[in-house]
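[1] attaching a predicted model along with its sequence, questions to come.
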Amino acid sequence: MRRYLRLYLVAGSPNCLIHPDLILQEAIRGGVTLFQFREKGPGALTGMPLIELAQRLQKVCRSQGVPFIVNDDVELALTVDADGVHVGQEDLAAHDVRTRIGSKILGVSAHSVEEARLAISDGADYLGIGPVYPTESKPDARAVQGPGLIRRLRESGIDAPLVGIGGLTAANAGTVMSAGADGIAVISAITAAASPQAASAELWKAVNRNGE
Ligand SMILES: Cc1ncc(COP(=O)(O)OP(=O)(O)O)c(N)n1
Ligand SMILES: Cc1ncsc1CCOP(=O)(O)O
Ligand SMILES: [Mg+2]
């Protein structure tokens, strides 16, 4: 699981100025190791268009050996046979999601040591920790944590695979990795880039800078 978390793209059609399929293809070419389909925000698809986009993006992931994770929507994940689901503290309880998805990948957002410990006991395969820095991609984001929470989780003995998220770029990715994360999750650093492939390659270098 850790190796998949190294460079984690999170996106849906509202984040994409061009076809999400093209952005995803370019991002994987640049080094993205995990993808989360997060169809949220103005103009988000529903119904058959949502399922069809999910299946198109899943096909791109499968052709490159990149796991395909669905955000929040367990029914959609089961309908398209996704590789996993990511849920937050305001979504379906992690324990119930684990029951529904069996051995698929389960990611859970955590904002404290207590939330992290509970998520792990509920069966989380990895934790999403953030927002690390200010972000414009999630209007309802919790308070900005800085890399300190990641460091505190590691100092508390939590060894679970974890990824930082929120306002991450090639310039600040190193702060998250040196705090003990296994990788970074990004939306706009890739989706808003003129070249998603070049942006992903820059991020890939940044998360591997210490030769980890
Ligand atoms: C990898 C990763 N980490 C955190 C989140 C945030 O999830 P959540 O708190 O449920 O918020 P929404 O993304 O649903 O708005 C994530 N999606 N991915
Ligand atoms: C989904 C999510 N969860 C915490 S911050 C965030 C948004 C991350 O987007 P960006 O990488 O553009 O800051
Ligand atoms: Mg959620």
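    Yep, that arrived. Ligands and ions are numbered 1, 2, ... in the order given.
[2] immediately after the helix or strand where residue 26 lies, which helix or strand?
    Using DSSP states H and E, the element containing residue 26 is helix 20-30. Next in sequence after helix 20-30, counting helices and strands by DSSP H and E, comes strand 34-37.
[3] from the contact counts, what lies against the next helix or strand after that following strand?
    Next along the chain after strand 34-37, taking DSSP H and E as the criterion, comes helix 47-64. The helices and strands touching helix 47-64, judged by 3 or more Cβ pairs under 8 Å, 6 or more residues apart in numbering; DSSP states H and E, are helix 20-30, strand 34-37, strand 68-71, helix 74-79. Placement of C-beta: from N, CA and C, glycine included.
[4] wait, what's in contact with the residue nearest to residue 60 when sequence neighbours are not counted?
    Spatial nearest neighbour of residue 60, chain neighbours left out: residue 24 (5.0 Å); criterion: Cβ to Cβ, 6 or more residues apart in numbering. Residue 24 is in contact with 9, 11, 32, 35, 57, 60, 61, counting by Cβ atoms under 8 Å, 6 or more residues apart in numbering.
[5] the fourth one is in contact with residue 59, isn't it?
    No. Taking Cβ atoms under 8 Å as the contact criterion, residue 35 and residue 59 are not neighbours in contact, 11.6 Å apart.
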